[in-house]
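Novice: A structural model of the following input is requested.
(3 chains)
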Amino acid sequence: MTDKTVATARPEAEPILETHGLVKEFRGFVAVDGVDLKIRRGHIHALIGPNGAGKTTCFNLLTKFLQPTRGTIRFKGRDITGEAPQRIARTGMVRSFQISAVFPHMTVLENVKVALQRKLGTTFHFWESGASLRRLDEQAMALLASVGLERYADMVTVEMPYGRKRALEIATTLALEPELMLLDEPTQGMGHEDVELVMQLIKKVSVNRTILMVEHNMKVVSGICDAITVLARGAILAEGDYDAVSSNPLVIEAYMGSEAAQLAGAH
Amino acid sequence: MNEIFGIPLPALLGQLMLGLVNGSFYALLSLGLAVIFGMLHIINFAHGALYMMGAMFSWLAMVYLGIGYWRSLLLVPLFVGAIGIVIERFLLQWIYKLDPLYGLLLTFGVALIIGGGFRYVFGSSGQPYSIPPELGGAVDLGFMFLPKYRMWVIVASLTICFATWFMIEKTRLGAYLRAGTENPGLTQAFGINVPVMVMLTYAFGTALAAFAGVLAAPTTQVSPLMSSNMIITVFAVVVIGGMGSIMGSIITGLGLGVIEGLTKVFYAQASSTVVFIVMVIVLMVRPAGLFGKEK
Amino acid sequence: MNARKSSIAYVIGFALLLAAPAAIYPVLIMKVLCFALFACAFNLLLGYTGLLSFGHAMFLGGSAYLTGHALTAWELPTLAGLALGTLGGAVLGALVGMLAIRRQGIYFAMVTLALAQLMYFVLLQSSFSGGENGLQGVPRGSLFGLDLANDYILYYLIVVLFSLTFWLIQRTIQSPFGQTLKAIRENEPRAISLGYDVDRYKLLAFVLSAGLAGLAGSMKTVLFGFATLTDAHWNTSGEVVLMTLLGGMGTVLGPIAGATVIVSLHSELADKVGSLVTVITGFLFVFCVLVFRRGIVGEGIALYHRMIGEKYR
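Specialist: The predicted structure is shown next:
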């Protein structure tokens, strides 16, 4: 398990993902405005900010679902600014989505196998029997077990409750053995217990991995994140660990009202 | 100089003029498609059939009711717009929550019903519709004769096109429309009746198609078959221009009409395919379309 | 239904097909089989990949002409003509697919429709295609010394080809490739984020579908001895959509059911009601879209699940 105190004590740890002067404009509206992001290897890094701050746009830029207007993105020291999104996934950066990213009418087991089967190299083999995918069952079950879903393997995904879908999403993402996982609001819309569950799960899978997550829930942010970047109106407002960020007057001002109270409350 | 590349200048200008006339129809039709798509997220496959209806109704009104061109130009779009309201209320409104592809299939069915129905009742032979006397004849420009009716078609179409553009981009009504497109829930909260607005938008789009049909009636043989290929050409126009911009639809429509007209002069065999070939080139060079919005 | 039950059902179906000419005019069944194959190929794209091609007649028509030309002008053996038609469909599918896949959703449908129209004009104007009259007098030829001019002999050839293709489509749907297609249809952004180059999968699905649609067109030319512009007209593109929709898209047997209904309907009505057939087709479209989106087979499956008390989505 990543030792939080050690990690924060070594801010010079090598960055796995770096952006420089990242800008995204939509027909004259600037959604992301010159963001310099530095995600260090082994960290759980939170991206927070009020609604419309550009967090999800940032995610889409990093994973190349959107093409930045200006700026560069470096992943593991390599410039990936011009890469296609599916290439990004293959180099070890895998994302989730704000709305749960599952394949609803496939079974839970099949969901994980979709992520595993690409490596078999048979995904273009339309003549091959479907039974050839059974050899992935064991590995897929192990992944399901790691998120506590092994009992639901044969359930059609759409029938699962929300919290479990998000766990399944994590299992599917893990199947690619990503070095960097990007989670877009993993606890959004969840009840207390589910939040706790997913939080522990994230903590668990963060071993030997880097995680960047957009998160609103300050309990999660203060509980497991090593570093925090606050976005407001498309630009970075503050950076640092939780204590530094939550006492920053600029941040408190940006968060005015209930969220500021929440911020203070969790402190 | 009265020849360009061996082509007599009057013939060239004549085809250019015809191209502009056809382009005006493309512009009116693709504009209607874009307006409907913006609000309803449906590609109105029935658009060609509604255009044919416009021409057929003006012919019928002339023959059976003695209603002349000018009154048809006003009444037929209103009538077809009313039919549009019926189509929207009885059919389209039930599928807004489904994949937009269902809208294409539903309106395809409507196109078949209208097209087949007219063919069943009136047969397939073309009927002549005469040019109103005020617009008969041509203006002698010295180097060529300019038929008045063609000039009128271009002027009338462009006037309607720009009026539509102005209404949508520059007026308060248009602002509501655009807001309704972006966020129906929010617009409703501001006290605007979105379902009625959707209905009227569809009616407006169909009226535009009928208006084009009435304008086209004196330029061609009026028949239930006149639209059967038109809609596909207009689809290609829409793919080339992209539906994101009203002005884009107008410019693309006119431009392709001109290209088609010029092709008739220089290489007549390709005149029916040139629009599609332009589409292929645009898809290769600029897949989002000339005026397409970024994803 | 489990795999064992369904393979028994297929064997019974195959046996029924073999015996059918005793009761029904074989040319009608062969026509149904050609369109059923066309619809099955189309369903591979619409039902299992989520792509609506509104121009599939170009593959049916293009290959119908190609095979006709190969059998008449080049005097190729029948099987070679059919193979060439299939290959031609696949090649055309690759070209069209590469262009069309550049646009999504509704635009994809419009692009395919427009490209099919381009193909239509090419067939109308080319010198080899016989213009408005189409290609006439295509010989059926022979196979292993058997004269295919005999309807019954041709019948068994077509049944075998149909069954093999149907099996191949089934296999494709269940293959690792089919599983990937399903994932793309279910959630395309997620498939991308898992590293799938979705456009390449869509393209292969498009090529397969076009090739098999081409085979259907080639079979049709051999069956009737002519290829006409009707095969390439957008009406035919619409018809295959309707067959699939009416039968049940995304179901294995739906396209066959849909093709049977539509082909029978046409052969019953064509002479009696004239252009009312178009109106009826239009109403069927409206009916299917508004209240019958699962189609005949889809509704059947839903009913079956209700009867055994399961939830069905």
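Novice: would you map the strands across the chain?
Specialist: With no chain named, the answer covers chain A. Secondary structure of chain A by DSSP state E: the strands cover A:15-26, A:29-35, A:38-40, A:44-48, A:70-75, A:78-79, A:93-95, A:180-184, A:210-214, A:227-232, A:235-240.
Novice: nope, chain C please
Specialist: Taking DSSP E, the strands of chain C run over residues C:142-143, C:146-147.
Novice: what comes into contact with the first one?
Specialist: Put plainly, it is strand C:142-143. Identification of contacts with strand C:142-143 by Cβ atoms under 8 Å, 6 or more residues apart in numbering or on different chains yields C:77-79, C:148, C:153, C:157. For glycine as for every other residue, the C-beta is placed from the backbone atoms N, C-alpha and C.
Novice: go with 7 Å
Specialist: Counting by Cβ atoms under 7 Å, 6 or more residues apart in numbering or on different chains, the neighbours of strand C:142-143 from elsewhere in the structure are C:78-79, C:148, C:157.
Novice: can you list the strands that that strand pairs with?
Specialist: Strand pairing for strand C:142-143, using DSSP bridges, gives strand C:146-147 (antiparallel).
Novice: ok, back up a step: what is the nearest of the contacts of strand C:142-143 to chain A?
Specialist: Each of the contacts of strand C:142-143 was scored against chain A by Cβ to the nearest Cβ, and residue C:79 proved nearest at 20.6 Å.
Novice: for the closest one, which non-adjacent residue is closest in space?
Specialist: Of all residues beyond its chain neighbours, the one nearest residue C:79 is residue C:143 (6.4 Å), with distances taken as Cβ to Cβ, 6 or more residues apart in numbering or on different chains.
Novice: among the contacts of strand C:142-143, which lie within helices?
Specialist: Of the positions in the contacts of strand C:142-143, C:78-79, C:157 sit in helices, assigned by DSSP state H.
Novice: can you pull the residues of chain A lying near chain B?
Specialist: Applying Cβ under 7 Å from any Cβ of the partner chain, one finds that chain A does not approach chain B at all.
Novice: just give the closest residue to residue C:38, not the sequence neighbours.
Specialist: By the measure of Cβ to Cβ, 6+ apart, the closest residue to residue C:38 outside its immediate chain neighbours is residue C:216, 3.9 Å from it.
Novice: kindly apply the preceding question to residue B:211 instead.
Specialist: On the basis of Cβ to Cβ, 6+ apart, the spatially nearest residue to residue B:211 that is not a chain neighbour turns out to be residue B:77, at 4.5 Å.
Novice: pretty sure residue C:64 sits against residue C:222.
Specialist: No. Taking Cβ atoms under 7 Å as the definition, residue C:64 is not a contact partner of residue C:222, at 9.5 Å.
Novice: those two - which one has more neighbours?
Specialist: Between residue C:64 and residue C:222, residue C:64 has the larger neighbour count (other Cβ atoms under 10 Å in any protein chain shown), namely 33 against 27.
Novice: mind listing what that one touches?
Specialist: The contact partners of residue C:64, taken as Cβ under 7 Å, 6+ apart, are C:217-218, C:220-221, C:227, C:231.
Novice: CSV for the residues you listed, including neighbour count?
Specialist: Formatted as CSV, those follow (neighbours: other Cβ atoms under 10 Å in any protein chain shown):
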residue, neighbour count
C:217, 34
C:218, 33
C:220, 28
C:221, 32
C:227, 31
C:231, 27
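Novice: mind putting the residues you listed into JSON lines with distance to residue A:69 and pLDDT?
Specialist: Shown next, in JSON lines, are the contacts of residue C:64 (distance: Cβ to Cβ, whole Å; pLDDT from 0 to 100):
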{"residue": "C:217", "distance to residue A:69": "47", "pLDDT": "96"}
{"residue": "C:218", "distance to residue A:69": "50", "pLDDT": "96"}
{"residue": "C:220", "distance to residue A:69": "52", "pLDDT": "94"}
{"residue": "C:221", "distance to residue A:69": "53", "pLDDT": "94"}
{"residue": "C:227", "distance to residue A:69": "52", "pLDDT": "91"}
{"residue": "C:231", "distance to residue A:69": "48", "pLDDT": "92"}
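Novice: from those, which is closest to residue A:215?
Specialist: Ranked by distance to residue A:215 (Cβ to Cβ), the contacts of residue C:64 are led by residue C:217 at 55.6 Å.
Novice: what's the spacing between the closest one and residue B:39?
Specialist: 39 Å (Cβ to Cβ, to the nearest Å).
Novice: helices along the stretch 51-200 of chain A, start to end?
Specialist: Assigned by DSSP state H, counting those that start in this stretch, the helices in the stretch 51-200 of chain A fall at A:55-62, A:85-90, A:108-117, A:137-146, A:162-174, A:192-205.
Novice: rewinding a little: between the strands of chain A, which one is nearest to chain C?
Specialist: Comparison of the strands of chain A against chain C by Cβ to the nearest Cβ identifies strand A:93-95 as nearest, at 5.1 Å.
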